[in-house]
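> give me the fold of what follows.
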Amino acid sequence: MELTEAQFRKIEHCLPRQRGNVSMSNLQVLNAILYVAGHGCKWRGLPKRFGRWHTIYTRMNRWSKSGVLDRVFTELQRAQIVRVRIEVVSLNSTIVKAHPDGTGASKKADPRLSASAEPDAPPRFIWLPRMPEQP
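Numbers count the residues shown, from 1 in each chain. You can find the predicted model right below:
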């Protein structure tokens, strides 16, 4: 999804005026932002036709902090240029912290400590439940 020049003119008043020597127009940056939002790719995965990803990311970050993107997307919705509908939201967190011993780190314990002196004695470090004999 990319905005045309005519669509961009309808929302141009929401964007800051470009000053100085800029390598990309606001339309190019906005189209790149819409591409990332629509395809869900990483910034580094932007096609070369949009320009340098870091330049686009920096401008997007600045616009986001100053509230420009909120105004732009509100105006895009109001002018019915872009229709956003959230159908499914999914969050995934698969972080499991493990103790260093659980990662294969070398153990400082003597390996013979768990050996029992008596053959019927329970192990020292591993607790095994014993079922009482049934009458």
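
> in the chain, what helix or strand scores lowest on average pLDDT?
Within the chain, no helix or strand scores below helix 68-78, which has a mean of 88 by mean pLDDT, DSSP states H and E.

> the helix or strand hosting residue 36 vs helix 68-78, what angle?
Under the criterion of DSSP states H and E, residue 36 resides in helix 26-39. Between helix 26-39 and helix 68-78, the angle comes out at 80 degrees (axes from the mean of the first three to the mean of the last three CA atoms, to 10 degrees).

> returning to what we had before: tell me which residues of the least confident helix or strand of the chain are tucked away?
By 16 or more other CB atoms under 10 Å, the buried positions in helix 68-78 come out as 68, 69, 72, 73, 75, 76. Using the backbone N, CA and C atoms, a C-beta is placed for each residue, glycine as well.

> got any ranges where this protein has weak pLDDT?
84-135 (pLDDT under 70).

> repeat the analysis, applying 50 as the threshold.
When residues are selected by pLDDT under 50, those of the chain lie in 128, 135.

> all helices of it, in order?
For the chain, the helices defined by DSSP state H cover 5-11, 26-39, 53-66, 68-78.

> now the second one against helix 53-66, angle please.
By that I understand helix 26-39. Using the same axes, to 10 degrees, helix 26-39 lies at 90 degrees relative to helix 53-66.

> what packs against helix 26-39?
With contacts taken as 3 or more CB pairs under 8 Å, 6 or more residues apart in numbering; DSSP states H and E, helix 26-39 sits against helix 5-11, helix 53-66.

> swap in 10 Å and give it another go.
Here helix 26-39 is seen to pack against helix 5-11, helix 53-66, helix 68-78 when contacts are counted using 3 or more CB pairs under 10 Å, 6 or more residues apart in numbering; DSSP states H and E.
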